[in-house]
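Trainee: Task: produce atomic coordinates for the following.
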Amino acid sequence: METWNAITSRRNVREYTDEPIPRDDLDRILEAARRAPSSKNWQPWDFVVVTDRGRLDELAAAGEYAAHVPGSAATIALVMRDYDDPVERETARFDLGQAMLSMMLAAVDLGIGSGHATVMDQGVARRVLGLPADRFCAYLVALGYPAGRPLKPVRNPARRAFEDVVHRGRW
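Mentor: Numbers count the residues shown, from 1 in each chain. Predicted structure coming up:
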């Protein structure tokens, strides 16, 4: 798929078919995340891939908006350290956001949908994912083949108008 088509086709998918994602495709998505831009090549991330149906069910309880996780073929947890320094913490979260978008674009390129969620209950995430004491799960990205509606470019996205968000030279 051409990059522009991947960008315009990406949407949050929260209903998936039962089809599993081949391991090579999952590895490609993870490789896209691993290669994401990172401040000073810091790479403050780790990724935990969950495909076990029971664990996916449990993991859904970690986020208020993670109800789509149990239906996914795989969910990737984006994990980082909990930094005391606010600059380090915000930089790490920014880097994780770039890794998340890289994996979502790689997924859509393979015809795989994705839906993200913020993790609110670290106790659940820590238990399900077996995280070390110095790490926490920031985000989840559920993956699967879209049920009902394949990925294709969205002609009229529900977004603010171009003219309302683009300022040239000055506000």
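Trainee: Find the centremost residue of the protein, please.
Mentor: Most central in the chain under C-alpha atoms, centre = their mean is Val141, positioned 3.3 Å from the mean C-alpha point.
Trainee: quick one: strands adjacent to the helix or strand that residue falls within?
Mentor: Taking DSSP states H and E as the definition, Val141 sits inside strand 135-144. Strand 135-144 pairs in its sheet with strand 74-81 (antiparallel), strand 113-118 (antiparallel), by DSSP bridges.
Trainee: what number of residues lie near Tyr65?
Mentor: 15 (other C-beta atoms under 10 Å). Backbone N, C-alpha and C define where each C-beta goes, glycine included.
Trainee: er, Ala60 actually
Mentor: Neighbour tally, Ala60, other C-beta under 10 Å: 22.
Trainee: about what we covered before: any idea how far the strand holding Val141 is from the chain center?
Mentor: How far strand 135-144 lies from its chain's middle: 6 Å, per C-alpha atoms, centre = their mean, to the nearest Å.
Trainee: residues in contact with Asp95?
Mentor: Going by C-beta atoms under 8 Å, 6 or more residues apart in numbering, Asp95 touches Ala36, Pro37, Ser38, Ser39, Trp42, Gln43, Pro44, Trp45.
Trainee: Pretty sure Thr91 sits against Ser39.
Mentor: Yes: counting by C-beta atoms under 8 Å, Ser39 is a contact partner of Thr91 at 5.0 Å.
Trainee: Compare these two and say which is more crowded by neighbours.
Mentor: More crowded of Thr91 and Ser39, by other C-beta under 10 Å: Thr91, with 17 against 14.
Trainee: and the more buried one, what pLDDT?
Mentor: Per-residue confidence (pLDDT) for Thr91: 97.
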